[in-house]
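Visitor: Structure for this input, please:
(chains A, B and C)
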Amino acid sequence: MPVTTLHPNLPISVEGQIAIVTIDRQEAMNAFDLGMWDGLADTMEAISAQEDLRCVIIRGATSAAFSAGADIKAFETERGSPESEATYARIFNRGMQSIRRCQHPVIAAIEGVCMGGGAGITTMCDFRVGGEGIRFGVTARKLSLWYSYAEMDPVIELVGTGVASEIFIEGRIFNGREAYEKGLLSRLVPDAEVQAEAMALALRLADGAPLSARFHKRAIQKLRGPLPLTQQEEDAVSDFALTEDFRNAVQAFKAKRKPVWQAR
Amino acid sequence: MPVTTLHPNLPISVEGQIAIVTIDRQEAMNAFDLGMWDGLADTMEAISAQEDLRCVIIRGATSAAFSAGADIKAFETERGSPESEATYARIFNRGMQSIRRCQHPVIAAIEGVCMGGGAGITTMCDFRVGGEGIRFGVTARKLSLWYSYAEMDPVIELVGTGVASEIFIEGRIFNGREAYEKGLLSRLVPDAEVQAEAMALALRLADGAPLSARFHKRAIQKLRGPLPLTQQEEDAVSDFALTEDFRNAVQAFKAKRKPVWQAR
Amino acid sequence: MPVTTLHPNLPISVEGQIAIVTIDRQEAMNAFDLGMWDGLADTMEAISAQEDLRCVIIRGATSAAFSAGADIKAFETERGSPESEATYARIFNRGMQSIRRCQHPVIAAIEGVCMGGGAGITTMCDFRVGGEGIRFGVTARKLSLWYSYAEMDPVIELVGTGVASEIFIEGRIFNGREAYEKGLLSRLVPDAEVQAEAMALALRLADGAPLSARFHKRAIQKLRGPLPLTQQEEDAVSDFALTEDFRNAVQAFKAKRKPVWQAR
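Guide: Numbers count the residues shown, from 1 in each chain, chains lettered A, B, ... in the order given. As a prediction, the model looks like this:
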């Protein structure tokens, strides 16, 4: 039974033994609302269960954006209370982890805007093929958001603490050349060649021994061991949503003005 | 209450929400004697306690040196017995950790000589802005010194085991370009632009959400977990000071001759 | 008592305080059969025990190859049953770990082909000096092999999870420039200068304080802590040898045809 599209904004196509997931919500730069995180998890779980597949490509619907990340405009309805934050964190995390848990290797084909949770998706992937014109970074500094440990850890494992500090503390936005030099991209190519290069890599992966690829994907993750955190520490990440700064920042974003930080 | 200078060789100035700590002991290339490590800890703790600050820059007093590290000439009086080594290690470690424990992001603005404990200070910082003409490295190989685990670990987390081997085992001295390529610098700029670039980064950090920066700084460190060492193993680092090679090397340094190693 | 050659394909020479181990099995691109892994362990243990040595260089006998890795042609007799795999894993692992356990710093001088277990040897070393014309990578994807956790972990600690994914999941082959950019090489030089550069590094290491080098080598490894794996998980790595895909791949290699993967 072939995999079929499970969320309208995340259509699946299959070419040979390669599944292609397209993030397609062009009116919002492919930003994810809550339902799309759930849809991403459903999609990746369905693909992972297909034993005859060998590789997955995740890409944006057009060259303008891979994804702008979480949909900030939807935060007012989706987030902000302890209950809604617990729900958001659970669903968001399931979406993110579904990429790592997918038994097949996953490639992010990155063009254009790749910000916040969009950048997060790519660092959950096993490979990142990016174009020179990408804009890659996270925007926690603008909203007083805190990234979860489970999202930060793969970035540190990928590029070390120094580049992780640039990403999470500074909120630096990298172009393709910088992202490659910092180790964020597996491959750097001209923008027009991103999809072809991602497909070439996918075909190469599909040509190799599948049990070898699956074992090594799991092993690289397993060698990290469990994160050195209590459940309480992990849960406390959601506390940002109860701060004045976050509430004010969401209002300021809506009103298109700059927030004034109170550090509380 | 604004922060005030707590050690004469570590004057503090404040520009807006940015604290600037200057290492100013020019007759010794800004090398640290024991009192300065204590002073560094006092200084960083006072700055960390100031809730209205957003960022710290640590820099050398002139373009000649960030810091030459620990003052080797003072070793004869400060170090060498089990008691004095235990004291030195405690005070030195408090100075180093005060940078990591500071709740605000810390930037090292590196010009000129940045050696030994001076390089160590920069790897405790969250960001390193360096000039092309820097000389960056550690000199354990010349004195038969051993770096503490707590100092080595952030270097490994920053650049991996290969570059850490070049630094600690080989004692390689990097210029700015090499340090950047190896991941030791967050930014590489011409020497004359180091201070301006560090200030631009500080202003950018000050412009972002402070709770976001503080959380991510803590989180990047927390994800390391506790070091996999017994207290006994950590303490044994001081054993180098009881070796013949260390005693001879300090004498040789004083006499300006090359030590002959006995490996004991 | 000077060290003497312990395996005919792994001759030892000594220059001053530097031991040079040459991988010399030119008819097979310096590939290792089972006896050579045992010989490597014996060789490195003997060298480690020599207190007057300061450094080790491992190199290939000619510029054509450092080593092509494990000898696949010998797999039919050496591997494939649970018993033979347990034996192979034990001996292979002893060879690999003997490089890390050697108290002296070890340099890989890499020219030409450096594949599979040959690349593995180099990532067990403390330093890798490589030429521009090297071919560096692992070939698990062609044989449906799985690398052991103890071999994968040093690669992740060296270059992070992204490059490790390129190596183990994709099976990418890097030239010297790429290997340097990805952090796999400590030094990149023209092919004709590899041996001279490795010797210059060895002389530099021999010139430094030996107790300092030995402590820092141990400390960098110790900071990793124990691998987060059960013995059962570690042993399960050998299961690949019982899969249809591995058996077919060894037959296909012998028959010089391409294997058809079944993912079982």
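
Visitor: For the stretch 151-264 of chain A, which residue gets nearest to chain B?
Guide: Minimum separation of the stretch 151-264 of chain A from chain B (CB to the nearest CB) falls at A:Pro228, amounting to 2.9 Å. C-beta coordinates here come from the backbone N, C-alpha and C atoms, glycine included.

Visitor: correct me, but that residue touches B:Ala219?
Guide: No - contact criterion CB atoms under 8 Å: A:Pro228 and B:Ala219 do not qualify, at 11.5 Å.

Visitor: between those two, who's got more neighbours?
Guide: Counted by other CB atoms under 10 Å in any protein chain shown, A:Pro228 and B:Ala219 do not tie: B:Ala219 has more neighbours, with 22 against 12.

Visitor: ok, that one touching A:Ser148?
Guide: No - between B:Ala219 and A:Ser148 there is no contact under CB under 8 Å: 9.0 Å.

Visitor: now the strands for the stretch 51-200 of chain A?
Guide: A:55-60, A:65-67, A:106-110, A:113-115, A:127-131, A:135-137, A:187-189 (DSSP state E, counting those that start in this stretch).

Visitor: In the sheet, which strands lie alongside the fourth one, parallel or antiparallel?
Guide: Strands that pair with strand A:113-115, judged by DSSP bridges, come out as strand A:65-67 (parallel), strand A:135-137 (parallel).

Visitor: residues from the stretch 101-250 of chain A in reach of chain C?
Guide: Residues of the stretch 101-250 of chain A lying near chain C by CB under 8 Å from any CB of the partner chain: A:105, A:126-128, A:154, A:157-160, A:183-184, A:186, A:201, A:204-205, A:207-213, A:215-217, A:219-220, A:222-226.

Visitor: which of those residues count as buried?
Guide: Among these, the ones that count as buried by 16 or more other CB atoms under 10 Å in any protein chain shown are A:105, A:126-128, A:154, A:157-160, A:183-184, A:186, A:201, A:205, A:208-213, A:215-217, A:219-220, A:223.

Visitor: Count the residues that sit near the residue lying closest to A:Ala164 once chain neighbours are set aside.
Guide: Distances taken as CB to CB, 6 or more residues apart in numbering or on different chains place A:Ile156 nearest to A:Ala164, at 4.7 Å, with adjacent residues excluded. Number of residues near A:Ile156 (other CB under 10 Å) recorded here: 25.

Visitor: Name all residues that make contact with A:Ile156.
Guide: By CB atoms under 8 Å, 6 or more residues apart in numbering or on different chains, the contact set of A:Ile156 is A:Ala164, B:Glu157, B:Ile220, B:Leu223.

Visitor: tell me which element A:Ala41 falls in.
Guide: Assigned by DSSP states H and E, A:Ala41 belongs to helix A:34-49.

Visitor: need the contact list for whatever residue of the stretch 1-150 of chain A ends up closest to chain B.
Guide: Nearest residue of the stretch 1-150 of chain A to chain B: A:Arg141, at 3.1 Å (CB to the nearest CB). By CB under 8 Å, 6+ apart, A:Arg141 lies in contact with A:Ile169, A:Glu170, A:Gly171, B:Asp207, B:Gly208, B:Ala209, B:Ser212, B:Ala213.

Visitor: Looking at those residues, spot the one nearest B:Thr62.
Guide: Relative to B:Thr62, the closest of these is A:Glu170; by CB to CB it sits at 27.0 Å.

Visitor: number of nearby residues for the closest residue in space to A:Gln26 that isn't next to it in sequence?
Guide: Counting by CB to CB, 6+ apart, A:Gln26 lies nearest to A:Ala61, which is 5.6 Å off, once chain neighbours are set aside. Residues near A:Ala61, counting by other CB under 10 Å, number 16.
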